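Q: Here is my input; please provide its structure:
(chains A and B)
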Number of protein chains: 2
Amino acid sequence: MTFAPASTTANAVAATSAGTPGVPLTASGQAAFGRAVALSCRECGERSPIGPRYVCESCFGPLETAYDFGAITRADIERGPASIWRYAPLLPVPADVADRPNLNPGWTRLVRAGNLGKELGLRSLYVKDDSGNPTHSFKDRVVAIALEAARSLGFTTLSCSSTGNLAGAVGAAAARAGLDSCVFVPAGLETGKIVMAAVYGGRLVAIDGTYDEVNRFCSELIGDEAGEGWGFVNVNLRPFYSEGSKTLAFEIAEQLGWRLPAQIVIPIASGSQLTKIDKGFKELIALGLVEDRPYRIFGAQAEGCSPVSAAYKAGRDVVQPVRPDTIAKSLAIGNPADGPYVLDAVRRTGGAVEDVTDAQIVDAIRRLARTEGIFAEPAGGVTVAVLKKLAEQGKLDPDAETVVINSGDGLKTLDAVAGTGVTATIKPSLAAFRAAGL
Amino acid sequence: MTFAPASTTANAVAATSAGTPGVPLTASGQAAFGRAVALSCRECGERSPIGPRYVCESCFGPLETAYDFGAITRADIERGPASIWRYAPLLPVPADVADRPNLNPGWTRLVRAGNLGKELGLRSLYVKDDSGNPTHSFKDRVVAIALEAARSLGFTTLSCSSTGNLAGAVGAAAARAGLDSCVFVPAGLETGKIVMAAVYGGRLVAIDGTYDEVNRFCSELIGDEAGEGWGFVNVNLRPFYSEGSKTLAFEIAEQLGWRLPAQIVIPIASGSQLTKIDKGFKELIALGLVEDRPYRIFGAQAEGCSPVSAAYKAGRDVVQPVRPDTIAKSLAIGNPADGPYVLDAVRRTGGAVEDVTDAQIVDAIRRLARTEGIFAEPAGGVTVAVLKKLAEQGKLDPDAETVVINSGDGLKTLDAVAGTGVTATIKPSLAAFRAAGL
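A: Predicted coordinates for the structure are as follows:
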């Protein structure tokens, strides 16, 4: 279940000889994976060395990155760059990562949403607006970490299975880093996402099937000679990739003044973003960077693809796969890999998982635009609509600091607000203006 | 030629009584226009008090903001927020501007463009990527300043004439600030720009005509009772609005390590962005924030709308209006208000103005995406194509620090790269993958 790329991790192997045995170094002599020391199985806890593997050899559980952080202070972080790299000591990346060609994502706006809060009866509401990332979705965060791992492990082609946003993020990151790219998406994606995935010059392959079928196909490709030397950011690079979502937790806490929010609403696709934000909060507490106080995590799904919400509501631990049918295509993962971990985090923190209809999603997109001037893609409509539903159900403390995540950009999904257009078309004259009743 | 809105600048007038006579205060008791002390005519230099006026009463020349800066240090700025408001002391805004509901634009990435530089033979090239702003164009900068002026002067509707990007920026800013909005655009704009202008819930009016006709119509509306209480950000609020472009100069200098670039390529629409970047550089020098060393300013136009380039090449001081015909719609201003000032700045600094064809623009969009992972709208294609042309003509020093501006986002103008799509569509099988020759 490990994967050795064809290029035999030349960089890593060559560099290792000069440093501590077993710890790969970059060309500049820095530890290639920073303070990460091992990969650790999320099921059985067994550790294995850092490398191009993503499944536990003992129990086939998923691997994640384990660290030996040492001491990290707020001041260390605050003097860093205005990107995710201010948190480099908390990520599996070399210390000089900000100097290597990548998209420098992150440090997006945390918007005090007074108008939306008023409409929903929430007195202290913030939107974490990740549409400000380079390719306008949170995926730039995770891809940036995977790119570093790909370089350190000697992969030459960057790849992924994607519902759209990830394909654009991989294409852009690979272009800038000078790597080949080949990304896989389900056929029938929104035009904006297709163009944004293709414009950077890499290969874009549409698959006749759902995202889950695309994903299965990518796993096949990894085992085949056709996939040799390919780093699939969300498959064989997943232990590194998924760490990128922690930066959402770090930024939210720092932007609140080094404080965890009491309540947070997070979209669920694979569920990785939610579980990694939880991991990020826990790391901040463990390092003494924030006060250890309770926070509640809420998960958001579209009704047309709500396997985790269904399991939560039924009190089940097992997530039953579904066939997605929703306008929230970036959340349309019917068999979410992190589903059980999402249920754990939500139940442990006293949160909930809720789902909303396509009509509620569109209403929420318009509401967020009208109240805060933020134009979200349907995934952002899902979180805002779930926020509204939870508020109406009395499941949120209206006085507690609450954050809702917008993970993507409305410009990529114009069809979701079809019918949005000009109020009137007139001749350039005052008479015409008056006649139009404007 | 002054304009008093219907609401009689209630905030400003009421607040004035509590402070220095003639200096309007905000509700929180701060000077509403910060360290700005007057409006000054760009033609005859005559000063008038700050207020809702934009044309000199003596000579009908355009007004701009004049300041009494006092001392401002790098440290003052560096401890500010990651937005244009870190430069609040250099702008006509109150000191507490960052706490008022606005989009907090700016502090966008300055990208070291090593790959593009290599292709063009430029050893130290940077892209200032303003697609990272909240509505994904540099217009968020200028609108944020105009919004503050509108509030301080008591306007209740935010308006503009726009080639597209400005309409979205005004719609979003007004929504968040709780103001009405009504924006005017030429009919036939790109879908992305239309939806982004309309989705925030304000009125979007398409005018049968060119941008220049839209602009003339807006001037008529300002003189009419139908426009009472309306702040047209780029007409009657222009002395404030245009100051926002200075923040591009400030950010570039700070991001280079408090140093002016030796060469900069800037798009020309009205010409305001270029002249205000020049003003920003001069202010930094005057304040001792950067070393006083020469910089050369280059202007970029599309061949299909190149009145300033034509005047430059002909050695003329007068800019002859044209009827635009180019895919670079955001630069399609046939009668650029700041044309003569652009010629001044370019000639004074030893730069040049150049223009490029639509085909060169599209090629440059793809080149920038392929080399640096940045997806620009045609205006960004114009600057990159002009950069290439200037480099080929030997008009740029290949060793000098050079900045090229990308002012907008390719997602709004997908038609410009029509034909960009999937490499192949296949069934989810290795056999299909191999058969497709991927």
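Q: Taking the stretch 1-150 of chain A, what residue is nearest to chain B?
A: Ranked by C-beta to the nearest C-beta, the top residue of the stretch 1-150 of chain A for proximity to chain B is A:Ala82, at 5.1 Å. C-beta coordinates here come from the backbone N, C-alpha and C atoms, glycine included.
Q: which SSE is that residue in?
A: Under the criterion DSSP states H and E, no helix or strand holds A:Ala82.
Q: Quick one: residues contacting it.
A: Applying C-beta atoms under 8 Å, 6 or more residues apart in numbering or on different chains to A:Ala82 gives the contacts A:107, B:82, B:107.
Q: ok, now with 10 Å
A: Residues near A:Ala82 by C-beta atoms under 10 Å, 6 or more residues apart in numbering or on different chains: A:104, A:106-108, B:82, B:107-109, B:255.
Q: same deal with A:Gly304?
A: Counted by C-beta under 10 Å, 6+ apart, A:Gly304 has contacts A:322-328, A:331-332, A:334, A:355-358, A:361.
Q: Could you tell me which of those count as buried?
A: Buried by 16 or more other C-beta atoms under 10 Å in any protein chain shown: A:322, A:324, A:326-328, A:331-332, A:334, A:355-356, A:358, A:361, out of the contacts of A:Gly304.
Q: related to what we said a few turns ago, what pLDDT does the model give the residue of the stretch 1-150 of chain A closest to chain B?
A: Here, the pLDDT recorded for A:Ala82 equals 94.
Q: interface residues of the stretch 1-150 of chain A facing chain B?
A: Applying C-beta under 10 Å from any C-beta of the partner chain, we find that the stretch 1-150 of chain A lies next to chain B at A:82-83, A:99, A:101-105, A:107-116, A:129, A:131-136, A:140.
Q: what bits of chain A have low per-residue confidence?
A: Applying pLDDT under 70 to chain A flags residues A:1-23.
Q: List, out of the buried ones among the contacts of A:Gly304, those positioned next to chain B.
A: The subset of the buried ones among the contacts of A:Gly304 lying close to chain B, counting by C-beta under 10 Å from any C-beta, is empty.
Q: Could you list which of those residues belong to strands?
A: A:355-356 (DSSP state E).
Q: Identify those among the residues of the stretch 1-150 of chain A next to chain B that sit within helices.
A: Among the residues of the stretch 1-150 of chain A next to chain B, the members found in helices (DSSP state H) are A:114-116, A:140.
Q: still on that earlier bit, so which of the contacts of A:Gly304 comes closest to A:Asp344?
A: Ranked by distance to A:Asp344 (C-beta to C-beta), these are led by A:Asp355 at 18.7 Å.
Q: Hmm, A:Ala385 and the closest one touching each other?
A: Yes: under the criterion of C-beta atoms under 10 Å, A:Asp355 makes contact with A:Ala385 at 9.1 Å.
Q: Just send the ones in helices among the residues of the stretch 1-150 of chain A next to chain B back as JSON lines, with neighbour count and distance to B:Asn165 too.
A: Listed next are these as JSON lines, based on neighbours: other C-beta atoms under 10 Å in any protein chain shown; distance: C-beta to C-beta, whole Å:
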{"residue": "A:Gly114", "neighbour count": "17", "distance to B:Asn165": "26"}
{"residue": "A:Asn115", "neighbour count": "20", "distance to B:Asn165": "23"}
{"residue": "A:Leu116", "neighbour count": "25", "distance to B:Asn165": "24"}
{"residue": "A:Asp140", "neighbour count": "30", "distance to B:Asn165": "22"}
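Q: Show me the helices in the stretch 301-438 of chain A, by range?
A: A:307-314, A:339-349, A:358-372, A:378-392, A:430-435 (DSSP state H, counting those that start in this stretch).
Q: Out of those, which gets nearest to B:Gly29?
A: Across the helices of the stretch 301-438 of chain A, closest to B:Gly29 is helix A:358-372 (C-beta to C-beta), at 27.0 Å.
Q: which strands and helices sit next to that closest one?
A: If contacts are counted by 3 or more C-beta pairs under 10 Å, 6 or more residues apart in numbering or on different chains; DSSP states H and E, helix A:358-372 sits against strand A:110-112, helix A:114-120, strand A:125-129, strand A:296-302, helix A:378-392, strand A:402-406, helix B:165-177.
Q: same thing but at 7 Å, please
A: helix A:114-120, helix A:378-392, helix B:165-177 (3 or more C-beta pairs under 7 Å, 6 or more residues apart in numbering or on different chains; DSSP states H and E).
Q: Can you name the residue of the stretch 301-438 of chain A nearest to chain B?
A: A:Gly373 (3.4 Å).
Q: show me the contacts for that residue.
A: B:103, B:172-173, B:175-176, B:200 (C-beta atoms under 7 Å, 6 or more residues apart in numbering or on different chains).
Q: and chain A, which of the residues you listed contact it?
A: Restricting the contacts of A:Gly373 to those touching chain A (C-beta under 7 Å from any C-beta of the partner chain) yields B:103, B:172-173, B:175-176, B:200.
Q: can I get these in CSV with neighbour count?
A: As requested, those are exported to CSV (neighbours: other C-beta atoms under 10 Å in any protein chain shown):
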residue, neighbour count
B:Leu103, 27
B:Ala172, 29
B:Ala173, 28
B:Ala175, 27
B:Arg176, 27
B:Tyr200, 30
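Q: Rebuild those residues as CSV, extending it with distance to B:Gly421.
A: Putting the ones next to chain A among the contacts of A:Gly373 into CSV (distance: C-beta to C-beta, whole Å) gives the following:
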residue, distance to B:Gly421
B:Leu103, 32
B:Ala172, 30
B:Ala173, 34
B:Ala175, 33
B:Arg176, 35
B:Tyr200, 30
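Q: Let me know the closest of those to B:Pro239.
A: Relative to B:Pro239, the closest of the ones next to chain A among the contacts of A:Gly373 is B:Ala173; by C-beta to C-beta it sits at 17.8 Å.
Q: residues contacting A:Asp355?
A: By C-beta under 7 Å, 6+ apart, the residues touching A:Asp355 are A:301-303, A:306, A:309.
Q: Select only the buried ones of those in ChimeraX?
A: To isolate the buried members of the contacts of A:Asp355 in ChimeraX, using 16+ other C-beta under 10 Å:
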select /A:301,302,303,306,309
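Q: among the contacts of A:Asp355, which two are most distant?
A: Across those, no pair lies farther apart than A:Ala302 and A:Ser309, at 9.1 Å, counting by C-beta to C-beta.
Q: circling back to that earlier point, among the helices and strands packed on helix A:358-372, show me which one is buried the most.
A: helix B:165-177 (a mean of 29; mean count of other C-beta atoms under 10 Å in any protein chain shown).
Q: Perfect, I'm done here.
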